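> Need a 3D model of the following:
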Amino acid sequence: MAAEIQICNLFKKYPDGAEALKGVSLKINKGQFFTLLGPNGAGKSTLVKIMTTLINKDSGKFSIGGLNPEVNPVNIQKIIGVASQDNEIDPIEKVENLLIFQAGLFGLSKPEARKRANELINLFQLSTERNKKASTLSGGNKRRLHCALALVHQPQVLFLDEPTVGMDPVARANFWETITQMNKSEGITVFLTTQYLDEADKHATEMALIVAGEIRYSGTIIDFKKMVNPDGGLSLDDSYLQYIKALTIQASSKN
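Predicted coordinates:
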């Protein structure tokens with residue numbers, strides 16, 4: 001199953017009064033592999049935290065799967081999975097036990113929880129880490145465990161925040177094979193934020209570019225590259241850098 005995301009005119013200010021989001025509007029269809037790109041401080045994390053009900057918006061509205069967070073915040077939490085850099089894992093608990101515990105929090109019975117934990121351990125290639133304490137895992141395996149924990153309840157939308165930080169190239173390739181397989185076979189909607197634009201270019205189809213709290217582009221990755229360079233040939237990485245450079249020059253000329 002998958003869910004659609006609707007975001008309409010979201011505003012959010014930082015504690016110092018500066019605007020983090022300035023009227024953000026987006027539509028992410030069911031089953032899309034979507035990526036949100038932008039410089040550090042552009043508003044990516046703020047937008048994700050609002051959609052995952054971690055912080056409140058100042059104005060505007062959004063829905064996930066037709067659910068209004070102001071009416072059904074708990075129901076939204078049931079249909080989303082979040083693998084964030086801020087996720088904390090009990091360092092002294094073992095991998096399998098963490099997955100079983102997480103599954104129990106979402107209402108799975110003990111037999112169901114053990115079955116789901118085993119499925120995810122195999123899916124994310126954590127078999128040799130099954131009985132290891134979380135604190136002993138490598139950075140890459142911790143990221144894989146984060147994602148496995150986000151998927152125990154089979155969510156309709158998966159939020160991935162810099163999911164492959166700390167992974168070696170082989171681990172990254174295996175991770176993306178797993179996620180893209182789930183996106184295609186199960187239709188799960190994927191919402192990715194990453195600074196590895198080669199990953200976004202290879203796996204995502206739709207994107208939005210946020211700069212200083214405003215959406216500057218929303219559409220397909222292919223069309224973004226064509227917009228930046230009609231002659232073609234640029235990667236997403238090069239297209240992004242060229243576009244951001246042009247915005248910087250434009251802003252400087254106005255000042």
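> hey, let's count contacts and neighbours off CA atoms from now on
Fine.
> Summarise which helices and strands the longest helix seen in the chain is packed against.
In the chain, assigned by DSSP state H, the helix with the most residues is helix 236-254. For helix 236-254, the packing partners by 3 or more C-alpha pairs under 8 Å, 6 or more residues apart in numbering; DSSP states H and E come out as helix 197-203, helix 221-228.
> Number of residues surrounding Gly17?
Gly17 has 8 neighbours, counted by other C-alpha atoms under 10 Å.
> hang on, the earlier thing: compile the helices and strands packed on helix 236-254 into TSV and extend it with columns for mean pLDDT, mean neighbour count and distance to Gly187.
Formatted as TSV, the helices and strands packed on helix 236-254 follow (pLDDT from 0 to 100; neighbours: other C-alpha atoms under 10 Å; distance: least, C-alpha to C-alpha, whole Å):
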stretch	mean pLDDT	mean neighbour count	distance to Gly187
helix 197-203	95	17	14
helix 221-228	96	18	20
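> ok, Val24 touching Phe11?
Yes. Counting by C-alpha atoms under 8 Å, Val24 touches Phe11, with 6.9 Å between them.
> Tell me the predicted confidence for the residue lying closest to Lys49 once chain neighbours are set aside.
Distance criterion C-alpha to C-alpha, 6 or more residues apart in numbering; nearest residue to Lys49, sequence neighbours excluded, is Ile55 at 5.8 Å. For Ile55, the model assigns a pLDDT of 93.
> Over to Phe175?
Reported pLDDT for Phe175: 88.
> Walking through the stretch 51-200 of the chain, point out its helices one by one.
Secondary structure of the stretch 51-200 of the chain (DSSP state H, counting those that start in this stretch): helices at 73-79, 95-105, 110-123, 139-150, 169-185, 197-203.
> and those as TSV, adding distance to Ser235?
Shown next, in TSV, are these (distance: least, C-alpha to C-alpha, whole Å):
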stretch	distance to Ser235
helix 73-79	34
helix 95-105	38
helix 110-123	30
helix 139-150	26
helix 169-185	19
helix 197-203	8
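> Quick one: closest of those helices to Ser63.
Checking the helices of the stretch 51-200 of the chain against Ser63 by C-alpha to C-alpha gives helix 73-79 as the closest, at 8.6 Å.
> which residues touch the closest one?
52-53, 64-65, 67-69, 106, 153-157 (C-alpha atoms under 8 Å, 6 or more residues apart in numbering).
> Please pick the buried ones from these.
52, 64-65, 67, 69, 153-157 (16 or more other C-alpha atoms under 10 Å).
> Surely Phe159 touches Ile188?
No. With contact defined as C-alpha under 8 Å, Phe159 does not reach Ile188; the gap is 10.5 Å.
> Count the residues that sit near Ile50.
For Ile50, the count of nearby residues is 17 (other C-alpha under 10 Å).
> need the contact list for it.
Residues near Ile50 by C-alpha under 8 Å, 6+ apart: 56-57.
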